[in-house]
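Novice: Turn this into a structure:
(one chain, ligands or ions: 1)
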Amino acid sequence: MKIILTGDRPTGKLHLGHFVGSLRERVKLQNSGEFDKIFIMIADAQALTDHADNPEKVRENIFNVALDYLSVGLDPKKSTLFIQSQIAELFELTAYYLNVVTVSRLERNPTVKNEIAQKNFETSIPAGFLCYPVSQAADITAFDANIVPVGEDQIPMLEQTREIVRKINDIYGEVLVEPDILLPKNQICRRLPGIDGKAKMSKTLGNCIYLSDDSKILAEKIKNMYTDPLHIKVSDPGHIEGNVVFTYLDAFCEDKKIVDDMKEHYQRGGLGDVKVKKFLLEVLENILSPIRQRRADYEKNPDEVLKILREGTENARQKASEVLKRLKRAMKINYFD
Ligand code: TRP
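Specialist: Reported below is the predicted structural model:
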């Protein structure tokens, strides 16, 4: 069996960084027909580990993220879309996994460490936040997932999941499936820069193009995009390194030959930023307009979106409850069977 599980925290709308880093790949995997099951989770419980005081934000973004999923082409007939907090089994699994993880191991997780520094949590780390990698191990193993397509920042989570799986299997017998990570192949897609040229597109930095941006906003953002500050006159030779417009063409334009020719012309001199930006706008419009269209259709039909999530969650819960039963049997805590 080939089973995929992945997901996102619903703390904001998804942007082009998410699109090249994961969404586009998920749709490809889904349509390849190579997988027996695909689970895509909206990780609201994980979002609450650092938003306990702001549940409205999480709630509102469940719908945003669901729309993002559906609009990029995740198809509820092929992929199970579900909401983490509605699957109680995940929390039960987490409780048992916590017993095979040490506090010092939790404190060593590099991604969690970074987040703690970013959020100034040092002196008051919510225990739930420190433990979220364990709950993530539950998310993955509850579905017998063996393939987890995620971004680079999730490498430590997968390492920790694999450790937990091995410990549990060691103690209770082969009961959990050990997952593999699937990273984006292309370096640019692993970390798309922001429109301001900063290393990463991120909501906090305010340098994003969102999947839900309309044509006008998109054009405006591209117009203000960071290029080569030394390229002043059109006739000047330009630099493509760190030039976001070219980075985006590499990430989004299928026709590599056109991009290579433009790069060559730009470096030689005689190709203006306005022209290159106009081409990028065309490329992105071609990608984003069908996405916008699907979003508009689903936006008109919120009941349909809710139904997709409800059915997906029921379906996911079924699977998670089988795995939990299997673990409890292996742990010999199935007293009433
Ligand atoms: N940590 C992921 C994120 O921040 C979300 C997530 C939660 C996840 N559980 C997961 C991803 C399990 C992959 C597998 O986006």
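
Novice: Can you dump the C-alpha atoms of stretch 162-173 in CSV for me?
Specialist: Output of stretch 162-173 as CSV, limited to C-alpha atoms (Å, rounded to 0.1, in the frame of the first residue of the first chain):
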residue,chain,number,x,y,z
ARG,A,162,10.5,7.7,12.8
GLU,A,163,12.2,7.4,16.2
ILE,A,164,8.8,7.1,17.9
VAL,A,165,7.7,4.4,15.4
ARG,A,166,10.8,2.4,16.0
LYS,A,167,10.5,2.7,19.8
ILE,A,168,6.8,1.7,19.8
ASN,A,169,7.5,-1.2,17.4
ASP,A,170,10.5,-2.3,19.6
ILE,A,171,8.3,-2.4,22.7
TYR,A,172,5.0,-3.7,21.4
GLY,A,173,5.9,-5.5,18.1
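
Novice: could you give me the average pLDDT of it?
Specialist: Per-region confidence: stretch 162-173 scores 98 on mean pLDDT.

Novice: Make residue 1 into 393 and carry on from there
Specialist: Sure, I'll start counting at 393 from here, so that last one is stretch 554-565.

Novice: outside of it, which residues touch it?
Specialist: 488-489, 492-493, 497, 526, 529, 533, 567-571, 719, 722-723 (Cβ atoms under 8 Å, 6 or more residues apart in numbering). For glycine as for every other residue, the C-beta is placed from the backbone atoms N, C-alpha and C.

Novice: For stretch 493-507, give the mean pLDDT please.
Specialist: So the average pLDDT for stretch 493-507 ends up being 95.

Novice: can you pull the buried residues of that stretch?
Specialist: Residues of stretch 493-507 classed as buried by neighbour count (16 or more other Cβ atoms under 10 Å): 493, 498, 501, 503-504, 507.

Novice: Out of those residues, which comes closest to the ligand?
Specialist: For the buried residues of stretch 493-507, the residue nearest the ligand by Cβ to the nearest ligand atom is T503; the value is 8.3 Å.

Novice: what's in contact with the helix or strand encompassing that closest one?
Specialist: For T503, the enclosing helix or strand under DSSP states H and E is helix 502-510. Helix 502-510 is contacted from outside by 442, 498-499, 513-514, 517, 521-522, 524-525, 545-549, using Cβ under 8 Å, 6+ apart.

Novice: how about that helix, does it reach the ligand?
Specialist: No. Counting by Cβ under 6 Å from any ligand atom, the ligand is not contacted by helix 502-510; separation bottoms out at 8.3 Å.

Novice: what separates that helix from the chain centre, distance-wise?
Specialist: Centre-to-centre, helix 502-510 and its host chain are 18 Å apart (Cα atoms, centre = their mean, to the nearest Å).

Novice: give me phi/psi at the closest residue to L673 other than its chain neighbours?
Specialist: Using Cβ to Cβ, 6 or more residues apart in numbering and skipping residues adjacent in sequence, the residue nearest L673 is I614, 5.1 Å away. Main-chain torsions, I614, degrees, to the nearest 10: phi -70, psi -40.

Novice: count of neighbours near I614?
Specialist: 20 (other Cβ atoms under 10 Å).

Novice: touching the ligand at all, the longest helix seen in the chain?
Specialist: Longest helix in the chain, counting residues (DSSP state H): helix 694-722. No. On the criterion Cβ under 6 Å from any ligand atom, helix 694-722 is out of touch with the ligand, staying 12.3 Å away.

Novice: Buried residues in the helix or strand bottoming out on mean pLDDT in the chain, which are they?
Specialist: The helix or strand of the chain with the poorest confidence is helix 579-582; it has a mean of 82 (mean pLDDT, DSSP states H and E). By 16+ other Cβ under 10 Å, the buried positions in helix 579-582 come out as C581.

Novice: List of residues touching it?
Specialist: Under Cβ under 8 Å, 6+ apart, the answer for helix 579-582 is 412-413, 417, 543-544, 575-576, 639, 642-643.

Novice: 7 Å instead?
Specialist: For helix 579-582, contacts defined as Cβ atoms under 7 Å, 6 or more residues apart in numbering pick out 412-413, 543-544, 575-576, 639, 642-643.

Novice: next one: stretch 616-631
Specialist: Contacts for stretch 616-631 (Cβ under 7 Å, 6+ apart): 587-589, 635-637, 658-662, 664-665, 669.

Novice: and which of those is nearest the ligand?
Specialist: I587 (21.5 Å).

Novice: thinking again about what came up before, are any of the contacts of helix 502-510 buried, and if so which?
Specialist: Using 16+ other Cβ under 10 Å, the buried ones in those are 442, 498, 517, 521-522, 524-525, 546, 548-549.

Novice: Great, nothing more from me.
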